[in-house]
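Undergrad: predicted model and sequence below, questions to follow.
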Amino acid sequence: MSTTAAGMDLILNHVYRNTALTTPTTIYAGLLSAVTDKEAGTVTEFTTGTYGGYARQAVAFGAPAAALGGRQIASTGAVTFPAKSNAGAVTVVAIGLYDALTVGVLYDVILLSAFDPIEVSVDTAGITSNDIVSPAHGLVLDDQVRFETVPGASSVPAGLAENTTYWVITTGLTADAFRVSATQGGAAIDITGVGRAQLQKVVPITVNQNDQPTFAVGEIKLLKD
């Protein structure tokens with residue numbers, strides 16, 4: 001999950017610069033087919049043309065609680081989107097949290113995943129082997145993953161990029177290390193620099209005609225460290 005620059009600026013200005021902030025009466029969840037730049041809020045949300053009957057849905061959150069070394073809020077009720085009325089299938093990769101039923105400010109982007117983010121690293125040996133290390137990472141062949149800069153680091157290891165989906169490949173895959181490709185089953189990305197990153201596994205969902213995507217209680221959650 002990631003707060004957009006627009007959302008973070010509103011919060012920082014309000015708390016630290018005494019800038020007025022009108023808090024949203026309702027937060028709305030939207031379905032995203034692509035996330036080009038999470039921080040910039042550059043995303044592709046479905047429309048009624050791509051997803052017949054589509055509309056954002058209200059979502060309520062419980063009080064913050066400790067989780068994974070930070071603070072987390074989670075949805076208190078199930079969130080159900082309208083059934084897709086038109087033919088064909090679409091793929092949902094993330095949820096966007098907005099302050100309005102239409103248009104509005106995009107506050108956060110939550111990549112679809114049932115897995116908590118993990119920290120990974122590349123050492124000097126990894127520059128030669130293209131291995132990314134994380135003990136007991138739990139990833140398997142063809143998992144889709146994205147990398148983000150961790151606090152205190154200037155960037156992800158050179159050769160990898162933020163806002164990019166990679167596939168885990170079979171070459172070099174062990175319990176504690178893995179390699180990624182820009183395409184499913186492709187060649188390993190050439191990693192040229194050491195460093196750390198946060199990895200988020202992405203588990204897209206397919207929505208066919210008449211499907212009605214539903215997210216259970218607690219499934220939409222935001223973690224801040």
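TA: In hand now; what should we look at?
Undergrad: measure residue 206 to residue 15 for me?
TA: Between residue 206 and residue 15 the computed distance is 40 Å (Cβ to Cβ, to the nearest Å). In this view, the C-beta of every residue, glycine as well, is placed from N, C-alpha and C.
Undergrad: which residues of the chain fall in helices?
TA: Secondary structure of the chain (DSSP state H): helices located at 5-16, 124-129.
Undergrad: possible to save these as CSV with mean pLDDT?
TA: What follows is those, written out as CSV (pLDDT from 0 to 100):
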stretch, mean pLDDT
helix 5-16, 86
helix 124-129, 96
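Undergrad: distance to residue 185 and mean neighbour count added to these, as TSV?
TA: TSV is the format used below for those (distance: least, Cβ to Cβ, whole Å; neighbours: other Cβ atoms under 10 Å):
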stretch	distance to residue 185	mean neighbour count
helix 5-16	35	14
helix 124-129	19	14
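Undergrad: can I get those helices in CSV with distance to residue 70?
TA: CSV is the format used below for the helices of the chain (distance: least, Cβ to Cβ, whole Å):
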stretch, distance to residue 70
helix 5-16, 15
helix 124-129, 27
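Undergrad: to residue 217, which of the ones you listed lies closest?
TA: Smallest distance to residue 217 across the helices of the chain (Cβ to Cβ): 23.7 Å, for helix 5-16.
Undergrad: packing partners of the closest one?
TA: In terms of contacts (3 or more Cβ pairs under 8 Å, 6 or more residues apart in numbering; DSSP states H and E), helix 5-16 is packed against strand 106-111.
Undergrad: and for the strand it packs on, what's in contact with it?
TA: Contact with strand 106-111 is made by 1-4, 6-7, 10, 27, 32, 35, 38, 41, 43, 93-99, 146, 200, 202, 220-222, as judged by Cβ atoms under 8 Å, 6 or more residues apart in numbering.
Undergrad: quick check: longest strand in the chain by residues?
TA: In the chain, taking DSSP state E as the definition, the longest strand is strand 27-37.
Undergrad: chain center to it: distance?
TA: Mean-position distance between strand 27-37 and its chain equals 9 Å (Cα atoms, centre = their mean, to the nearest Å).
Undergrad: direction included, what does that strand pair up with?
TA: Here strand 27-37 has these sheet partners by DSSP bridges: strand 42-45 (antiparallel), strand 57-59 (antiparallel), strand 94-98 (antiparallel).
Undergrad: how far away is the residue nearest to residue 129 when sequence neighbours are not counted from residue 199?
TA: Excluding the flanking residues, the one nearest residue 129 by Cβ to Cβ, 6 or more residues apart in numbering is residue 172, at 6.6 Å. Look at residue 172 and residue 199: by Cβ to Cβ, they are 15 Å apart.
Undergrad: for residue 99, the count of nearby residues, please.
TA: A total of 18 residues lie near residue 99 under the criterion other Cβ atoms under 10 Å.
Undergrad: how far away is it from residue 27?
TA: 7 Å.
Undergrad: same question, residue 148
TA: Per Cβ to Cβ, residue 148 is found 23 Å from residue 27.
Undergrad: please apply the same query to residue 85.
TA: Distance from residue 85 to residue 27, by Cβ to Cβ: 25 Å.
Undergrad: just residue 114 next, same as before
TA: 22 Å.
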